[in-house]
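Novice: curious how this folds, go ahead:
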Amino acid sequence: MRNHQLSCRGLFALLAGLVAGTAATVAGAQVSVSVDFSPSVLVFSPSVPVYIMGIGLNATGFTDDSHVDNFVRLQSSNGAFTGDFYPARGTGSGTAGSFGYASTLELSDSINFAGAWTLALTDGVTGITHTYSVAVSSSGIPDDVVRPITLDVVADTVIEPDASFTFSQDAAMSPEAEYSSAFAFLIGFVPGNFYIDPPIGVLDTSWTPIGPLSDDTYTFVVLKRNNAPDQSMVTAGEPEPLDGAPALGGFSTMVSAISSAQASGLRVGELPEIVVSARFLPDVISFSPLDPPVFILGVGVNATGFVDESNTNNFIEIHSRTNSFSGDFYPARGTGSGTAGSAGAASAADLSTLINDQSPWTLTVTDGLTNRVSRYTVEISTPGISDEYLRPITIAANPGDVISPNPTFAFTQAGSGLADAQYTQAFAALIGVQHYYGSPGLALTDTQWTPDMTVAPDTYTILVLKINDDAPQTLIVAAAPVPLEGAPALGGFSYSTNLQSEAQVNGLTVGPTCAADFNTDGVLDPDDLADYIGAFFSQPPGIGSDFNDDGVTDPDDLADFIGAFFAGC
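Specialist: All right, here's what the predicted structure looks like:
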């Protein structure tokens, strides 16, 4: 499989960069444009040739030729051919490209039937874009001008540090088909692994880079360019201004021809072996006493053995046959994509049936440095998960309830006589939009939980969670992943199964507090009066002594507090 292939569009961008700005332009107050049409043949070894047309552009005469947002773009109406360029940046947008064709005849026909072309010029200073209509046609592109190059090396093979490459190409039948320049290079994924010496001549049939080559995965490219083929192969008429655009200061075209071949996935040294671990988490979730519980299967995955373990684009993903269950992870980021999840079932038995209906699963590992994508098929099943292992928790609260600042949450759960169905961890938390209360801890035998702090006004979700880390590991059975499409065998695969029961009730709001409950213990008593008087007479006055919130602690505050205290709550 290809793990690092310059796509047809990607290589077109490379070719466009080589040809951009090569034709002479006419300077002046108005913008002058030059175009280089480059019929090309690309060979992605060992595939068949693909014929495209690159478009190199340049322009001068903007309000400020050094402005980085000056932009020129030429595109056929059907989108088959596009070229663009930022002259001051020396680069294109990265979105230009060409459709690929099976022969020079198909390429010529596509040029002639591409419809009207549009030239667009954007001045970086003014931000104004002017457009022009351009008629582009082809008289025919001879096979002799764009002759495929055949490499002796194919993609996804191991090469030696002192590798030498040979290649072949049919001889030109006419002087106009002779190449003007040629070069070869190897580019790896590790920064700095780029080899372009020694240079090659247009008649060379082999190349040995000055090495030795560092351990890496490489793409080998040979490219030959003809700067003087028959210029009538592709012609363009004078651009016609549209929508009041000014006439151009100048417009020139030239035609070049390019032949290129590449082989990707060339490995020097041994690839690290990917080791994958998976965690299956059968779970039952209760959202309120009013709704039935939902049974799901959580899936966690991790992997090591990437070329660069610190690369943040390393990624692993697993999903079931119809995506009812999925899990993913970016190991270097420590997060998932946020799109994984599980279908819900009405019972543990239904969940078991759904799991067994979802095989085979697909495991995908992406190396962030090399972009190599390796896929595997995995058979996953269950002998059955009984209700004893997934026992719903019910919290005595309903969504939208108003709770006190010192709430106590009671909950119930059926017991189990199975030793391996007992929970090993439990915790509770009150999670607000702006506040979080997670203590005290929750014991496995607790049937209620009270936060150890007064709860601030907010909207909350109460969560009670229990985990069984000692669940039978036979509840989920996963076979060793089988490589697909030439993926390398994994260096290792392991999995575990944990069980989980959780309950949550959301939309809880804290009810009105009693202003005179100065110590906020939920009870109005003489302690509140004594605590307030202490705060009022302390120097400086204590927190909360400005009872009426007017910014000053004075006798009015004392009077207002005493009035509120004796008024009661």
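
Novice: all strands of the stretch 251-400 of the chain, in order?
Specialist: In the stretch 251-400 of the chain, the segments counted as strands under DSSP state E, counting those that start in this stretch are 257-268, 275-286, 294-304, 315-319, 326-329, 361-366, 373-378, 380-381, 393-395.

Novice: turn those strands into JSON lines, columns for distance to residue 155, mean neighbour count and mean pLDDT.
Specialist: Yep, even glycine has a C-beta here, placed from its N, CA and C like the rest. Conversion of the strands of the stretch 251-400 of the chain to JSON lines gives the following (distance: least, C-beta to C-beta, whole Å; neighbours: other C-beta atoms under 10 Å; pLDDT from 0 to 100):
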{"stretch": "strand 257-268", "distance to residue 155": "5", "mean neighbour count": "24", "mean pLDDT": "94"}
{"stretch": "strand 275-286", "distance to residue 155": "25", "mean neighbour count": "21", "mean pLDDT": "97"}
{"stretch": "strand 294-304", "distance to residue 155": "24", "mean neighbour count": "21", "mean pLDDT": "97"}
{"stretch": "strand 315-319", "distance to residue 155": "22", "mean neighbour count": "22", "mean pLDDT": "98"}
{"stretch": "strand 326-329", "distance to residue 155": "27", "mean neighbour count": "21", "mean pLDDT": "97"}
{"stretch": "strand 361-366", "distance to residue 155": "18", "mean neighbour count": "21", "mean pLDDT": "98"}
{"stretch": "strand 373-378", "distance to residue 155": "14", "mean neighbour count": "19", "mean pLDDT": "96"}
{"stretch": "strand 380-381", "distance to residue 155": "32", "mean neighbour count": "19", "mean pLDDT": "98"}
{"stretch": "strand 393-395", "distance to residue 155": "54", "mean neighbour count": "20", "mean pLDDT": "97"}
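
Novice: in a markdown table: those, plus distance to residue 565.
Specialist: Rendered in a markdown table, the data for the strands of the stretch 251-400 of the chain read as follows (distance: least, C-beta to C-beta, whole Å):
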| stretch | distance to residue 565 |
| --- | --- |
| strand 257-268 | 80 |
| strand 275-286 | 42 |
| strand 294-304 | 48 |
| strand 315-319 | 62 |
| strand 326-329 | 56 |
| strand 361-366 | 66 |
| strand 373-378 | 68 |
| strand 380-381 | 65 |
| strand 393-395 | 35 |
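
Novice: need the nearest residue in space to residue 502, chain neighbours excluded.
Specialist: If you skip the residues right next to it in sequence, residue 502 has residue 465 as its closest partner in space, 4.4 Å away by C-beta to C-beta, 6 or more residues apart in numbering.

Novice: show me the contacts for that neighbour.
Specialist: With contact taken as C-beta atoms under 8 Å, 6 or more residues apart in numbering, residue 465 is in contact with 426, 427, 428, 500, 501, 502.

Novice: in stretch 322-341, what's buried?
Specialist: When burial is assessed from 16 or more other C-beta atoms under 10 Å, stretch 322-341 yields the following buried residues: 324, 325, 326, 327, 328, 329, 330, 331, 332, 336, 340, 341.

Novice: and the strand or helix carrying the residue nearest to residue 502, what's buried?
Specialist: Assigned by DSSP states H and E, residue 465 falls within strand 459-468. Of all the residues in strand 459-468, those buried under the rule 16+ other C-beta under 10 Å are 460, 461, 462, 463, 464, 465, 466, 467, 468.

Novice: check stretch 95-108 too.
Specialist: Within stretch 95-108, the residues that count as buried by 16+ other C-beta under 10 Å are 96, 97, 98, 99, 100, 101, 104, 107, 108.

Novice: can you give me the strands for the stretch 51-200 of the chain?
Specialist: With DSSP E, counting those that start in this stretch as the criterion, the stretch 51-200 of the chain has strands spanning 71-76, 81-85, 97-98, 117-122, 129-134, 136-138, 150-151, 165-168, 181-188, 194-195.

Novice: hmm, who's touching the fourth one?
Specialist: Applying C-beta under 8 Å, 6+ apart, the set of residues contacting strand 117-122 from outside is 31, 33, 59, 69-77, 81, 128-136, 236, 239, 242.

Novice: list only buried entries from those residues.
Specialist: Buried members of these, scored by 16+ other C-beta under 10 Å, are 31, 33, 59, 70-76, 81, 130-132, 134, 136, 236, 239.

Novice: after the strand holding residue 465 comes which helix or strand?
Specialist: Beyond strand 459-468 on the C-terminal side, the first helix or strand identified by DSSP H and E is strand 477-478.

Novice: sheet partners, orientation included, of that following strand?
Specialist: Sheet pairing for strand 477-478, assigned by DSSP bridges, gives strand 380-381 (antiparallel).

Novice: if we look at the strand it pairs with, which residues are touching it?
Specialist: Residues outside strand 380-381 that contact it (C-beta under 8 Å, 6+ apart): 280, 320, 355, 356, 358, 359, 360, 361, 476, 477, 478, 479.
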